[in-house]
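**Q** Predicted model follows, preceded by the sequence.
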Amino acid sequence: MKILFLAPKIPWPATDGSRIALYELIRHMTARGHQAAFLGFGNPGAADEFRTRAGVTWAKAIPHDTSTNYLNAALAVLSPMPYTPSKYRSGAMTAAVREAFREQRFDLVHLEGTHMAHYLGLVQGLGVQAILRLQNVEWILEERYARTAVFPLNVYVRVQAGRMRAFETRACRQADLCVAITQEDAERILAIAPDASVAVSPAGVDLERYYPQPMSEEPGTIVFVGALDWPPNADAIRWFRTKVWPRIAQEEPTARWIVVGKSPPADILHWPEEDRNIEVTGFVDDVRPHLHRASVVIVPLRSGGGMRLKILEAMAAGKTVVSTPMGAEGISAGNGEEIILADADRSYGVEVVRLLRQPSERKRIGKAARAWAEGYGWDGIAADLEREYQALLGSRLR
């Protein structure tokens, strides 16, 4: 197949979950013999590097500012269009899509994420079926974030969530195929767009890159990995710092907590000054050395959605993960077997302390976690999605 991918950002460097999820999918699709081309917002240097690494025929960067402008965000209250996807409407992208079709024929167009839904009509008008992959159902994320945000931000976010729901409803009805990352998200799509065609294609993990290194574990070490410019991650560790960490520090005075992730806010950057047992790394080129140090990996999310790649990576590395049920959404691993689930209340700290004190239990869970993660290699996921693509093409020919 010849597939054109449209994305809100260039998936290189693959340093966050959304970039990794797209980079690995495209890389494995090209490895399976498909021809891929790519258009995304970003800079040409990243596009060139991505083209080489992912094996795509060509990759072009579209110049367009998608950063958040707070004045425009405020003015968005006057528009029925939700603010975040409005940032991705671009005449330059429209022109680039038209040019790509003048130069060659594509079998399918894959649009990555709700924010690229602006281009569904354009693609379909060019006579090609359009696939919309939703790494998250965005209105759910915003609705959940509104529950934890403070006034007046919570009011603004709640309004945006309603508008995003309407936007996603139209997009899912229009797409020839919607691809959800989790079964929960697939059910949410069908709840708002019952006539949509929906498939589930989970996130995956590079099993050769992430693997157990038991000798690297540092006893008593808790690790969190996640981009801290994403509000649900920042909220999660602030909650953990306030509600959970004091209990752990009291019961296990030698415990250490390492926070790994880009763009930590100013208050989080100061935590090591307040507590010498907390380390905040900021951006790191490779999270694996920190992951291997962990006795326990925490995912204390209270909002957000989708499927957390950081959980898959930690499990592939043979680590014991303690997550909230919301943080582990889409992860079908058994609670108490391959993962530990704890609500965002007093029980979370109890579980972390218990595991810090029980190395044999951590070993048991970590071994089972690795075995479970082996079912989520990217090649198998790409093969399953390839069958969905082929079925879509076949339906048009019938």
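**A** Ah, there it is. Numbering: from 1, shown residues only.
**Q** Residue 279 and residue 259, how far apart?
**A** Remark: distance between residue 279 and residue 259 (CB to CB, to the nearest Å) = 7 Å. Backbone N, C-alpha and C define where each C-beta goes, glycine included.
**Q** between these two, who's got more neighbours?
**A** residue 259 (26 against 16; other CB atoms under 10 Å).
**Q** right, and that one touches residue 227 too?
**A** No - judged on CB atoms under 8 Å, residue 259 makes no contact with residue 227 at a distance of 11.5 Å.
**Q** Show me the domain layout of this protein.
**A** The chain breaks down into these domains under automatic domain parsing: 2-204+377-397, 214-376.
**Q** Reformat the ones you listed as TSV; add mean pLDDT.
**A** Formatted as TSV, these follow (pLDDT from 0 to 100):
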stretch	mean pLDDT
domain 2-204+377-397	93
domain 214-376	94
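**Q** in what helix or strand does the closest residue to residue 15 other than its chain neighbours lie?
**A** In space, and not counting its chain neighbours, residue 15 is closest to residue 262: 7.1 Å by CB to CB, 6 or more residues apart in numbering. Here residue 262 sits in a region with no helix or strand, counting by DSSP states H and E.
**Q** OK, contacts around residue 262?
**A** For residue 262, the contacting residues are 15-16, 227-229, 282-283, by CB atoms under 8 Å, 6 or more residues apart in numbering.
**Q** Quickly note the distance from it to residue 227.
**A** Distance of residue 262 to residue 227, given as CB to CB: 5 Å.
**Q** shared neighbours, the two?
**A** In contact with both residue 262 and residue 227: residue 16, using CB under 8 Å, 6+ apart.
**Q** Which phi and psi values does the closest residue to residue 269 other than its chain neighbours adopt?
**A** Nearest non-adjacent residue to residue 269, counting by CB to CB, 6+ apart: residue 280, 5.9 Å away. Per-residue torsions, residue 280: phi -120, psi 110 (degrees, to the nearest 10).
**Q** do residue 89 as well
**A** Per-residue torsions, residue 89: phi -80, psi 120 (degrees, to the nearest 10).
**Q** can I assume it is in contact with residue 119?
**A** No - using CB under 8 Å as the test, residue 89 is too far from residue 119 to be in contact (9.1 Å).
**Q** Of those two, give the one with the bigger neighbour count.
**A** Using other CB under 10 Å, the more surrounded residue of residue 89 and residue 119 is residue 119, with 20 against 13.
**Q** What separation do you get for the more buried one and residue 104?
**A** Per CB to CB, residue 119 is found 17 Å from residue 104.
**Q** now residue 317
**A** Residue 317 sits 41 Å away from residue 104, taking CB to CB as the criterion.
**Q** Next: residue 131.
**A** When residue 131 is compared with residue 104 (using CB to CB), they lie 18 Å apart.
**Q** more neighbours, the two?
**A** residue 131 (24 against 12).
**Q** Show me the beta-bridge partners of that one.
**A** Taking DSSP bridges as the rule, residue 131 bridges to residue 110, residue 177.
**Q** Which positions in the longest helix seen in the chain come out as buried?
**A** Longest helix in the chain, counting residues (DSSP state H): helix 153-174. Buried positions in helix 153-174, judged by neighbour count with 16 or more other CB atoms under 10 Å: 156-157, 159-165, 167-169, 171-174.
**Q** closest to residue 143 among the residues you listed?
**A** residue 161 (4.3 Å; CB to CB).
**Q** Which residues are in contact with residue 24?
**A** Listed by CB under 8 Å, 6+ apart, the contact partners of residue 24 are 14, 204, 206, 378.
**Q** so of those, which ones are in strands?
**A** Assignment to strands by DSSP state E places none of the contacts of residue 24 there.
**Q** What about the closest residue to residue 73 other than its chain neighbours, how many residues nearby?
**A** Once flanking residues are discounted, residue 73 sits nearest to residue 83: 5.1 Å by CB to CB, 6+ apart. Residue 83: 20 surrounding residues under other CB under 10 Å.
**Q** residues in contact with residue 83?
**A** Residues near residue 83 by CB under 8 Å, 6+ apart: 72-73, 76, 160.
**Q** let's see 10 Å
**A** Taking CB atoms under 10 Å, 6 or more residues apart in numbering, we find residue 83 in contact with 68-69, 72-77, 156, 159-160, 163-164.
**Q** Tell me where the stretch 101-250 of the chain has strands.
**A** With DSSP state E, counting those that start in this stretch, the ranges of strands along the stretch 101-250 of the chain come out as 108-112, 129-134, 177-180, 198-200, 221-225.
**Q** Using JSON lines, lay out those strands together with distance to residue 329.
**A** Shown next, in JSON lines, are those (distance: least, CB to CB, whole Å):
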{"stretch": "strand 108-112", "distance to residue 329": "20"}
{"stretch": "strand 129-134", "distance to residue 329": "13"}
{"stretch": "strand 177-180", "distance to residue 329": "11"}
{"stretch": "strand 198-200", "distance to residue 329": "13"}
{"stretch": "strand 221-225", "distance to residue 329": "17"}
